[in-house]
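*Asks:* Sequence and predicted model, in that order:
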There are 2 protein chains.
Amino acid sequence: MNNIKNAEILCVGYELLHGDVVNTNAAYLSEKLDSIGITVTHHTVVGDEPAVLMSALSAAFERVDLVVTSGGLGPTYDDLTKETVAKYFGREMKMHTHSLERITDYFARSGRIMTRNNEKQAMMPEGATVFDNDYGTAPSLAIEDATLGKTVIMLPGPPSELCPIFSEKAMPYLKSRSHCAIFYRNIHFFGIGESALEEKLGDLMTNSQNPTVAPYCKEGEVRLRVTAKADSENEAIALCDAMTERIKDSSVGEYIYGVDTDTLEEAVVRELKKHGLTLSAAESCTGGLIARRVTDISGASSVFLGGCVTYTNEIKEKLLGVSHETLESFGAVSKETAVEMAIGVRRVTGSDIAVSATGLAGPSGGSDELPVGTVFIGISTKKGEKVRKLTLSARRSREYIRQVSASNALHMVLEYLKNIEE
Amino acid sequence: MNNIKNAEILCVGYELLHGDVVNTNAAYLSEKLDSIGITVTHHTVVGDEPAVLMSALSAAFERVDLVVTSGGLGPTYDDLTKETVAKYFGREMKMHTHSLERITDYFARSGRIMTRNNEKQAMMPEGATVFDNDYGTAPSLAIEDATLGKTVIMLPGPPSELCPIFSEKAMPYLKSRSHCAIFYRNIHFFGIGESALEEKLGDLMTNSQNPTVAPYCKEGEVRLRVTAKADSENEAIALCDAMTERIKDSSVGEYIYGVDTDTLEEAVVRELKKHGLTLSAAESCTGGLIARRVTDISGASSVFLGGCVTYTNEIKEKLLGVSHETLESFGAVSKETAVEMAIGVRRVTGSDIAVSATGLAGPSGGSDELPVGTVFIGISTKKGEKVRKLTLSARRSREYIRQVSASNALHMVLEYLKNIEE
C-alpha cells in the first residue's frame, strides 16, 4: 500500500491557457488534498497536446507521489489525457464494458444520440480503478503503480463533474491509502475579518501544530479549518473537537454561525426546517441572488415560499405594495424602502420571515450621498422589522457587492432563527 | 529587439497551493498575452521557496521566450522572486532611488509607518525596466536578456495591483516588442453539443491551421473560437471573418446565437435594448437564477423589470394568478402552468416579454411520469405564448439542470427578439 505524501495538480486544456476559464479546479483539489494531509507542491497547466502532457507528467512524477489531472477525458479528438497517462505507465487501453453500458444508458435516457466518439470515453487503461461519473459522461479513474510508488487520478474538466466525483469517489480512495488518520472541522464566521480574527486568536492560530488552525476567506465570510492528525480517526476527532470548543469559548465565539456547515444558505435552510418556519425574499440590487442561493439547496422548497425581484419603483409598488410616498421621499435605496419591501413580500407570500435587499451594486449609478456599495438589508418577522446598512467599497466589483449583500440577508435570517426562544 | 512568441505564467505563493486563493491572475494574463499574439503554453504555480522557484524558472525558459511571474514582490522575508530572477540572469541587486522615493512617499501619504523591510521593495536587479506601481507598494519590473533572447516580467500577487499594472505598463512594453498581429472571434452556439458540432464541422475544425477553430463548452452552450495570425491586423481580421462566414453557412449555422457575444444574458440585454423592449421572469425550479443572470449584466435595470420566484402552488396562484384548476388538473410541472406563469408575470409587471420556468431540478422529487430533469420553459409576448419542454438527465446535478433551464429561457427570449420584423 502506497503512502502518499505530496501531490501535483496537472490541468489540461487550452481554454485555461487562453484565459477563457479560471482554474477553480486547482484551488478546489488543493484544499481537499491539504485536508487529508497531502501537500500540494505544484500546479501545472498545459494544452491538449500529448507530447507536452507527457513531459509535464514525467516532470511531476520526479517531484511527487500523486498527480491529479483535470480535463482531457471528453469525447473529442483532442481529449488525450487517458491515452497519455496509459502510455506513461505502459498500460494498454481496453474497452471497459461497465462504463460503456453506463454511457449508452445515459444517452438512451436523455434521448440524445450517442456518437462514435462517445464510445472512446469508455476505453480505460488496463488495471485502472474506475470511478463512475454520475454527473456527466466521462468516467474518472485512478492508476496506481506499486513498483514506482506513483499514483495518478484523472478527473473530467467541468467543475460540476470534477468536484462531486473527487469528494465522493477519489477522497475515500485516497484516504484508504493513507497510514495516518486525518480529520478536520470547518468553523464558519460572519461579521469579522481575517486579520481581526487572527489578532484575537493569536497564539492559538500561529503556534498550534496539531491540530493546525488555518483561515480561509470568501466574500465577506471567514472560515477556520481545524485539522488534526493521529493514529486513529477517533483520536483525530477528539483533537479537533477540543480545539473547536476552545475557539467557541474564546472572544470570537459570537461570530461563529456554524461548524461544518458548508454555506450560509445551508445553515438557513437547516434552521428553518428545525423551527418549521418559512422564508420569502424581496430583491432589488441582488436581483434574484438571495432566492437563487437558498434554492441551490436541495429540499429548500419545504421552507422557501418564493419572492419577488423588483427592479423598478413601479414594480416595487405594484408587487410589494411599497408606498409611492416612501419611494418619493426616501428613494428606492433607503432603510424605509427596505422595510416596506420585506413587509410586502411577507404579506403577499404569507411567509413567517421575509428579507429584502435594495442598494447600488454598480459599477454605474452612484452619487456622493449614495455611493455604489450602499445597500440596505431588511427583515420582517412577527417580532417586527430590522434593517442593516452596508457601506461596501465602491471599488468592489458588482458581483462582490451582490454576493456580500445576499450573505448579509442570509445572516440576518440566521441570527433571528438562533435567537428564537424555544 | 526581441520577438516574443510564447510565454509561461509562473505564479508564486503558498496561498495558491493551499487552495485559499483561486488563481485568477493566470487567466487574466493568459487572455491578455493571447490577445497580442503571444501563445501561453504553461501555467505553473510554486510555493515561496527560492530553490523551487529557480528550478521552475529554468524549466520555463527552456520552453518559452517570456516568463511572467506573479507574487513574491512583497516586503516580507519569504518574498524572493526578484532576488531569484536576478540570480538566474546573473544580475546584482541595487537600490532603485526612484522607487525608494515613491515608497517613502506612499507611506507618508497614507500615514502608515514604513518599516525596514519595505525598503527591500525598492531593490532592483541591475538593468531592469521598472514599472511604477500606482496601486500598492511593490514596483513591477521587466528584465530582458538580449543574448539569451529571454524576457521576464515580474508582477505583484494581488489582482487589484497586477491587472492594472499589466494592462497599463507591461502590455505597451510587450507590444513594442512584437512583430505579428492576431485576431479572434467567438461563435456562440445553443442547442447543439460539442461532439455533434465536431462531427458536422469535421475537417474545418481539425485541420484548420490559420485560423484555428477550437471548441469551448459551458453548461448547455458551446463556443467556437476562430483565431488568425497575420502580418497586419487587417489581414488577421479578414482571415477570421472568412472562416466565420464558412461556419455560418454550414449545417451548424442555425444553432449560432451570436458572434463575439460573451453570454446568453449579455445577448438578451443587448437585443432588448436594441428593440426597446422589457422583460420579466416567473421562476419555480430556477429559483431566481434567470433574474440573477440577467441582472448580472450592468445596465440590465433599463430592460429587466423584475420577476417572481414562486416555489409553492399557493404563491403561483397568489402572485401570478395561475388558476387553481390548472394546478389541480395538470400539476405545477406542466406546459399549462408554465404558460400561465409567463402570462401572469407579464400582466403583473407590464413587461413586453415574460419567461417562466417550472420543473424538477432534483435530486429528489421525481416520479416515473415526471422524472427529475423535466422542465417546462414558457414565454409570453404580444404574439402569444410558447412552451419548450426539456428532458434533461436525472443524473445531472441540480446546478446543471437549473443553469440549462435558465439558459433555455434566455435562448427563447433571444429567438423571439431575433424574429421580430423591423
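*Replies:* Noted; the coordinates are in hand.
*Asks:* mind listing what the nearest residue to A:P215 once chain neighbours are set aside touches?
*Replies:* Distance criterion C-beta to C-beta, 6 or more residues apart in numbering or on different chains; nearest residue to A:P215, sequence neighbours excluded, is A:E194 at 5.2 Å. C-beta coordinates here come from the backbone N, C-alpha and C atoms, glycine included. Neighbouring residues of A:E194 by C-beta atoms under 8 Å, 6 or more residues apart in numbering or on different chains: A:215, A:217, A:222.
*Asks:* For the longest helix anywhere in chain A, name the packing helices and strands.
*Replies:* If you go by DSSP state H, chain A has its longest helix at helix A:398-418. Under the contact definition 3 or more C-beta pairs under 8 Å, 6 or more residues apart in numbering or on different chains; DSSP states H and E, helix A:398-418 sits against helix A:264-275, helix A:289-295, strand A:353-359, strand A:374-381, strand A:384-391.
*Asks:* Return the residues of the stretch 51-200 of chain A in contact with chain B.
*Replies:* A:52, A:56, A:59, A:74-77, A:106, A:109-113, A:115, A:117-118, A:134-136, A:158, A:160, A:164 (C-beta under 8 Å from any C-beta of the partner chain).
*Asks:* Could you tell me the phi and psi values at the residue of chain A most remote from its centre?
*Replies:* Residue farthest from the centre of chain A, counting by C-alpha atoms, centre = their mean, is A:E325 at 41.8 Å. A:E325 adopts backbone torsions of phi -60, psi -40, taken as degrees, to the nearest 10.
*Asks:* from the chain's centre, how far out does stretch A:402-414 sit?
*Replies:* 16 Å (C-alpha atoms, centre = their mean, to the nearest Å).
*Asks:* Check which element follows the host helix or strand of A:E235 along the chain.
*Replies:* In this structure, A:E235 is located in helix A:233-249 according to DSSP states H and E. Remark: after helix A:233-249, the chain's next helix or strand is strand A:256-259, criterion DSSP H and E.
*Asks:* helices or strands next to that following strand in the packing?
*Replies:* Going by 3+ C-beta pairs under 8 Å, 6+ apart, strand A:256-259 lies up against strand A:181-190, helix A:233-249, helix A:264-275.
*Asks:* and the angle for the first one with helix A:233-249?
*Replies:* This points to strand A:181-190. 20 degrees (axes from the mean of the first three to the mean of the last three C-alpha atoms, to 10 degrees).
*Asks:* Dump strand A:181-190 to PDB, keeping only the CA atoms.
*Replies:* The C-alpha coordinates for strand A:181-190 follow below in PDB (Å, rounded to 0.1, in the frame of the first residue of the first chain):
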ATOM      1  CA  ALA A 181      -5.900   9.400  10.200                       C
ATOM      2  CA  ILE A 182      -6.700  13.000   9.400                       C
ATOM      3  CA  PHE A 183      -9.800  14.800  10.500                       C
ATOM      4  CA  TYR A 184     -10.900  18.400  10.100                       C
ATOM      5  CA  ARG A 185     -13.700  20.700  11.100                       C
ATOM      6  CA  ASN A 186     -14.600  24.000   9.500                       C
ATOM      7  CA  ILE A 187     -15.700  26.800  11.800                       C
ATOM      8  CA  HIS A 188     -17.700  29.400   9.900                       C
ATOM      9  CA  PHE A 189     -17.600  33.100  10.900                       C
ATOM     10  CA  PHE A 190     -19.600  36.100   9.700                       C
END
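*Asks:* Which neighbouring elements make contact with that strand?
*Replies:* Using 3+ C-beta pairs under 8 Å, 6+ apart: strand A:181-190 touches strand A:221-230, helix A:233-249, strand A:256-259, helix A:264-275.
*Asks:* I'd like to know which of these lies nearest to A:I353.
*Replies:* helix A:264-275 (7.8 Å; C-beta to C-beta).
*Asks:* gap between that closest one and the chain center?
*Replies:* 17 Å.
*Asks:* same check, this time on stretch A:305-315
*Replies:* The answer for stretch A:305-315 is 28 Å, by C-alpha atoms, centre = their mean.
*Asks:* For A:M1, give me the pLDDT.
*Replies:* Here the pLDDT value assigned to A:M1 is 40.
*Asks:* Weed out the non-buried ones from the residues of the stretch 51-200 of chain A next to chain B.
*Replies:* A:52, A:56, A:59, A:74-76, A:106, A:110, A:112, A:117-118, A:134-136, A:158, A:160, A:164 (16 or more other C-beta atoms under 10 Å in any protein chain shown).
*Asks:* So which of those residues sit within helices?
*Replies:* A:52, A:56, A:59, A:106, A:110, A:117-118, A:160, A:164.
*Asks:* And these, which two are furthest apart?
*Replies:* Among those, A:A59 and A:S110 lie farthest apart (C-beta to C-beta), at 39.5 Å.
*Asks:* one step back: return the member of the contacts of A:E194 nearest to B:F190.
*Replies:* Using C-beta to C-beta, those come closest to B:F190 at A:C217, 36.1 Å.
*Asks:* Assess the claim that that closest one and B:D20 are in contact.
*Replies:* Yes: using C-beta atoms under 8 Å, A:C217 is in contact with B:D20, at 7.3 Å.
*Asks:* Quick check on those two: which one has the bigger neighbour count.
*Replies:* Neighbours per residue, other C-beta atoms under 10 Å in any protein chain shown: of A:C217 and B:D20, the larger number sits with B:D20, 19 against 15.
*Asks:* Skipping adjacent residues, who's closest to the more buried one in space?
*Replies:* A:Y216 is the one closest to B:D20 (C-beta to C-beta, 6+ apart), at 5.5 Å.
*Asks:* for the one you found, helix, strand, or coil?
*Replies:* strand (DSSP: H, G, I helix; E, B strand; the rest coil).
*Asks:* Was I right to think it contacts A:V226?
*Replies:* No: the pair formed by A:Y216 and A:V226 falls short of the contact definition of C-beta under 8 Å, at 11.7 Å.
*Asks:* Between these two, which is the more surrounded one?
*Replies:* Shown here are A:Y216 and A:V226; by other C-beta under 10 Å, A:V226 has more neighbours (23 against 18).
*Asks:* what residues does the stretch 201-350 of chain A put near chain B?
*Replies:* So the stretch 201-350 of chain A meets chain B at A:214, A:216-217, A:281, A:283, A:286-292, A:294-296, A:298-301, A:304-312, A:314-315, A:318-319, A:348-350 (C-beta under 8 Å from any C-beta).
*Asks:* Can I get the buried part of these as one ChimeraX selection?
*Replies:* The ChimeraX command for the buried members of those (criterion: 16+ other C-beta under 10 Å) is given here:
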select /A:214,216,281,283,286,287,288,289,290,291,292,294,295,296,300,301,304,305,306,307,308,309,310,311,312,315,318,319,348,349
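*Asks:* give the contact list for the residue nearest to A:D352 when sequence neighbours are not counted.
*Replies:* Of all residues not flanking A:D352 in the chain, A:L277 sits nearest, at 4.2 Å (C-beta to C-beta, 6+ apart). When the contact criterion is C-beta under 8 Å, 6+ apart, the partners of A:L277 are A:303, A:352-353, A:417.
*Asks:* How much space separates A:V21 from B:E266?
*Replies:* Taking C-beta to C-beta, to the nearest Å as the measure, A:V21 falls 17 Å from B:E266.
*Asks:* In terms of packing, which of the two has more residues around it?
*Replies:* Each of A:V21 and B:E266 has its neighbours counted (other C-beta under 10 Å); A:V21 has more, 22 against 18.
*Asks:* pretty sure the more buried one is touching B:A27, no?
*Replies:* Yes: under the criterion of C-beta under 8 Å, A:V21 makes contact with B:A27 at 6.9 Å.
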